[in-house]
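Student: test case, fold it:
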Amino acid sequence: MAKILIGKYEATIYPEGEGYTGAISLGFDPDGKRQRLKRKGKTKTAVKDKLIKAVKDLEAGIKASESYTVRDAINDWLSKGLKGRSETTVIKLRTLVETHIIPKLGKIKLQQLRADHVDEWLDQLATALATTTLREVHGALKRAIRQAQARDMVLRNVAELVTTPKGTDGRPSKALTRDQANAVLMAARSSELHAYVVISLTTGVRTEEARALCWDHVVAWVPKLKSWRPVTEVGFKHAKFAIYVWRAVRDGGDTKTRKSRRTLELPKLATEALRQHHTRQVAHKLRAGEAWQDHNLVFCTSVGTPLDAANVRRAFRKITKDAKIGTDWTPRELRHSFVSIMSDQGVPIETIADLVGHAGTSVTEAVYRHQLRPVITKGAQTMNTIFGDSRHG
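Tutor: Below you'll find the predicted structure:
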């Protein structure tokens, strides 16, 4: 058993099994137990090369074992790196990594992962995933390796060195026409989601804002008090109602941005839907008895617990099917429909931006450009007025 010196460490290489094993003595731990670093290979040269690399990693402060894989890094990130994130976010990220990262890259040793591996992996995904999803998946890998870096498990983050390619074009959001909107409202009357649909369509709130709406944020204007008061205190026998859009199903429970916090007066249609919904919810609460969990939510399950986004999507698809407009619709397109209806009625884009909780009109124009018809057609209308309908050869 020959002894060799690798850097400042004494190493030995000896036959074992069908190959060779190399060991480096690292001294003793606080309990007096001897610490050794081992590497295996088919030849002495291969083992020596591995020992040299191991020593370099030691001197660089890297402490990951040779067997530490991308899967290990991902699992460590899921268990330790998502503290404070909502359960919905954790489930989403876990699904992304288990579907797209672990099957393709999971078995690769983290220290052997190269930028080329990441590049090839992303190029394959780009043929099947929308650009937004591709960015989320790439971002998850970068964050997982970043955590491994912070814990001295790898020297550099190769995922940071790669640019996310463009993915497939996602399905563009669409908006209900006026006739379709009426059909959806009619079909929703028999659904537990009726008030949810009415509020979303007539106020333009985000889906995560609707699901987080609390009863003490549904308010009525009380002239005698000259103030808005929760309907849970003053009831529905008033002339004016509003909702405080101050919460969302997001990390920390806040709205998407600070500007998103807003107060929206309710149209009569929405007020009546909420009044009926409140009556039905009281009946649900009585039937549930001790099983009822009081979260003070306007929209909840039959036992008071928060609505799951996937269940809302399924219920909404049934409504659109009953409305005979197909099932290729999502609840967030009620918000797009709100913008479209406002725009069709000539409401200025500045007002629409305020209503939907955007910090400025640039976001509204970028996200809802297909719904802002009066703005898009204004130039052509002006030119028609100036030059008439004459044709020039």
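
Student: use CA for all of it now, contacts and neighbours both
Tutor: OK.

Student: who's in contact with the residue nearest to residue 267 when sequence neighbours are not counted?
Tutor: Nearest residue to residue 267, sequence neighbours excluded (C-alpha to C-alpha, 6 or more residues apart in numbering): residue 202, at 7.2 Å. By C-alpha atoms under 8 Å, 6 or more residues apart in numbering, residue 202 lies in contact with 266, 267, 270, 338.

Student: can you pull the pLDDT of residue 202?
Tutor: What the model reports as pLDDT for residue 202 is 93.

Student: and residue 230, by the same measure?
Tutor: For residue 230, the model assigns a pLDDT of 94.

Student: surely it and residue 215 touch.
Tutor: Yes - between residue 230 and residue 215 there is a contact under C-alpha atoms under 8 Å: 7.1 Å.

Student: which residues touch stretch 130-150?
Tutor: Stretch 130-150 has contacts (C-alpha under 8 Å, 6+ apart) with 73-74, 76-77, 81, 93, 96-97, 100-101, 122, 125-126, 154-157, 159-160, 164-170.

Student: where does this protein dip in pLDDT?
Tutor: Residue ranges of the chain with pLDDT under 70: 1-2, 26-29, 58-66, 248-260, 367-393.

Student: show me what residue 34 is bridged to.
Tutor: Taking DSSP bridges, one finds residue 28 as the beta-bridge partners of residue 34.

Student: what about it, neighbour count?
Tutor: Residue 34: 11 surrounding residues under other C-alpha atoms under 10 Å.

Student: for the spatially most central residue of the chain, give its distance to residue 82.
Tutor: Geometric centre of the chain, nearest residue: residue 89, 6.0 Å, by C-alpha atoms, centre = their mean. For residue 89, the distance to residue 82 (C-alpha to C-alpha, to the nearest Å) stands at 9 Å.

Student: and the helices in the stretch 251-393 of the chain?
Tutor: If DSSP state H, counting those that start in this stretch is used as the criterion, the helices of the stretch 251-393 of the chain fall at 268-288, 309-322, 333-344, 349-356, 361-367, 373-387.

Student: those helices: which one's closest to residue 34?
Tutor: Evaluated with C-alpha to C-alpha, those place helix 309-322 nearest to residue 34, the distance being 53.9 Å.

Student: tell me which residues of that closest one are tucked away?
Tutor: Buried residues in helix 309-322, defined by neighbour count with 16 or more other C-alpha atoms under 10 Å: 312, 315, 316, 317, 318, 319, 320, 321, 322.

Student: and for stretch 82-92?
Tutor: Buried residues in stretch 82-92 (16+ other C-alpha under 10 Å): residue 90.

Student: that one: end-to-end distance?
Tutor: 12 Å.

Student: now it, how far from the centre of its chain.
Tutor: Relative to the mean C-alpha coordinate of its chain, stretch 82-92 is positioned 9 Å out (C-alpha atoms, centre = their mean, to the nearest Å).

Student: over to stretch 158-169?
Tutor: Offset of stretch 158-169 from its chain centre (C-alpha atoms, centre = their mean): 18 Å.

Student: so what touches it?
Tutor: By C-alpha under 8 Å, 6+ apart, the list of residues contacting stretch 158-169 from outside reads 113-115, 118-119, 122-123, 125-132, 134-135, 138, 141-142, 145.

Student: just the buried ones among those residues, please.
Tutor: Buried subset of the contacts of stretch 158-169 (neighbour count, 16+ other C-alpha under 10 Å): 113, 118-119, 122, 125-126, 129-131, 134-135, 138, 141-142, 145.

Student: can you give me the offset of stretch 311-324 from its chain's centre?
Tutor: Relative to its chain's centre, stretch 311-324 lies at 22 Å (C-alpha atoms, centre = their mean).

Student: contacts for that stretch, please.
Tutor: 180, 183-184, 186-188, 191, 193, 326-331.

Student: if you set the cut-off to 7 Å instead, what comes out?
Tutor: For stretch 311-324, contacts defined as C-alpha atoms under 7 Å, 6 or more residues apart in numbering pick out 183, 184, 187, 188, 326, 327, 329, 330, 331.

Student: could you dump that stretch to PDB, C-alpha only?
Tutor: C-alpha atoms of stretch 311-324 as PDB (Å, rounded to 0.1, in the frame of the first residue of the first chain):
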ATOM      1  CA  ASN A 311     -61.200  23.500  -8.400                       C
ATOM      2  CA  VAL A 312     -62.200  27.000  -9.300                       C
ATOM      3  CA  ARG A 313     -60.900  26.400 -12.900                       C
ATOM      4  CA  ARG A 314     -62.900  23.100 -13.100                       C
ATOM      5  CA  ALA A 315     -66.100  24.700 -11.900                       C
ATOM      6  CA  PHE A 316     -65.600  27.600 -14.300                       C
ATOM      7  CA  ARG A 317     -65.200  25.300 -17.200                       C
ATOM      8  CA  LYS A 318     -68.500  23.700 -16.400                       C
ATOM      9  CA  ILE A 319     -70.100  27.100 -16.400                       C
ATOM     10  CA  THR A 320     -68.700  28.000 -19.800                       C
ATOM     11  CA  LYS A 321     -69.800  24.600 -21.100                       C
ATOM     12  CA  ASP A 322     -73.300  25.200 -19.900                       C
ATOM     13  CA  ALA A 323     -73.100  28.700 -21.500                       C
ATOM     14  CA  LYS A 324     -72.400  26.900 -24.800                       C
END
